[in-house]
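**Q** Sequence below, structure please.
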Amino acid sequence: MLLKDAQVGQVCVVEEIHLPFQLERRLEALGMTRQTPLSVLNRKGKGILIVKLRGARFALGYNITKSIEVRCAQ
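**A** Sure thing, here's the model as predicted:
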């Protein structure tokens, strides 16, 4: 599933990132690599998420969340 479809409270694992090279490298520098768990803390409108990743909180916009494939625990 895509990260934009994750619900508040779900813990997801990053499977694939399909973003332009520089943006993908920036997210990797912030700690978002493949097989990294993240928690969805809040949703702000259409696909805009607040996530917790490696102890830090990040706000990700729709253009980013629609390009990240995740596997979430039900």
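**Q** can you give me the helices in this protein?
**A** Using DSSP state H, the helices found in the chain span residues 21-29, 62-65.
**Q** so which of those helices is the most packed in?
**A** Burial of those is given as mean neighbour count (mean count of other C-beta atoms under 10 Å); helix 62-65 ranks first at a mean of 17. For the C-beta atoms, the positions are set from N, CA and C on the backbone; glycine is no exception.
**Q** Please work out which residues outside that helix touch it.
**A** With contact meaning C-beta atoms under 8 Å, 6 or more residues apart in numbering, helix 62-65 is reached by 2-4, 19, 23, 27, 46-49.
**Q** These in strands, which ones?
**A** L49 (DSSP state E).
**Q** Just the buried ones among the contacts of helix 62-65, please.
**A** Burial by neighbour count, 16 or more other C-beta atoms under 10 Å: within those this picks out 3-4, 27, 47-49.
**Q** of those, the lowest pLDDT goes to which?
**A** Note: of the buried ones among the contacts of helix 62-65, the lowest pLDDT belongs to G47, at 84.
**Q** was I right about it contacting K66?
**A** Yes. Using C-beta atoms under 8 Å, G47 makes contact with K66 at a distance of 6.0 Å.
**Q** and for those two, which residues touch both?
**A** What both G47 and K66 touch, as defined by C-beta under 8 Å, 6+ apart, is the set K4.
**Q** circling back: so can I have a markdown table of the helices of the chain showing distance to A56?
**A** Putting those into a markdown table (distance: least, C-beta to C-beta, whole Å) gives the following:
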| stretch | distance to A56 |
| --- | --- |
| helix 21-29 | 12 |
| helix 62-65 | 15 |
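**Q** do you know which of those lies nearest N42?
**A** For the helices of the chain, distance to N42 was read as C-beta to C-beta. The smallest value, 12.6 Å, belongs to helix 62-65.
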